[in-house]
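Q: sequence plus predicted model, see below.
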Amino acid sequence: MFGGASIKIDKELLEKVKRFAKIAGYSSPEEFVTHALEREIAKLEESDSEEEIKEKLKGLGYIS
């Protein structure tokens, strides 16, 4: 997965990823995750400052 890199994911989340990747027509769960991450990173890259990025990550629940 992910070009040889290994990422730990909660089992319940992985099952959701597999289910929604199939529903959405992705060729694999990896493709689905890659696309989701690319979209989120693109949103963050549009921010002007590190503080805005932190606030967005807090809003998404990724950091506290």
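A: Happy to help now that I have it. Residues are numbered from 1 along each chain as shown.
Q: which SSE is the residue nearest the centre of the chain in?
A: Central residue of the chain (C-alpha atoms, centre = their mean): Leu37, 3.6 Å from the mean position. Using DSSP states H and E, Leu37 maps to helix 29-45.
Q: alpha carbons only: can I get that helix in CSV?
A: Taking C-alpha atoms only, helix 29-45 is exported to CSV below (Å, rounded to 0.1, in the frame of the first residue of the first chain):
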residue,chain,number,x,y,z
PRO,A,29,-8.9,1.3,-1.5
GLU,A,30,-5.4,2.8,-2.0
GLU,A,31,-6.6,4.9,-5.0
PHE,A,32,-9.5,6.1,-2.9
VAL,A,33,-7.3,7.1,0.1
THR,A,34,-4.7,8.7,-2.3
HIS,A,35,-7.4,10.8,-3.9
ALA,A,36,-8.9,11.9,-0.5
LEU,A,37,-5.5,12.9,0.8
GLU,A,38,-4.6,14.8,-2.4
ARG,A,39,-7.9,16.8,-2.0
GLU,A,40,-7.3,17.6,1.6
ILE,A,41,-3.6,18.6,0.9
ALA,A,42,-4.8,20.8,-2.0
LYS,A,43,-7.2,22.6,0.4
LEU,A,44,-4.4,23.2,2.9
GLU,A,45,-2.0,24.4,0.3
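Q: buried ones in it, by neighbour count?
A: Buried positions in helix 29-45, judged by neighbour count with 16 or more other C-beta atoms under 10 Å: 29, 32-33. Where you see a C-beta, it was placed from the backbone N, CA and C, and this is true even at glycine.
Q: pull the contacting residues for Phe32.
A: 17, 20-21, 24, 26 (C-beta atoms under 8 Å, 6 or more residues apart in numbering).
Q: same question for Leu57.
A: Contacts of Leu57 by C-beta under 8 Å, 6+ apart are 44, 63.
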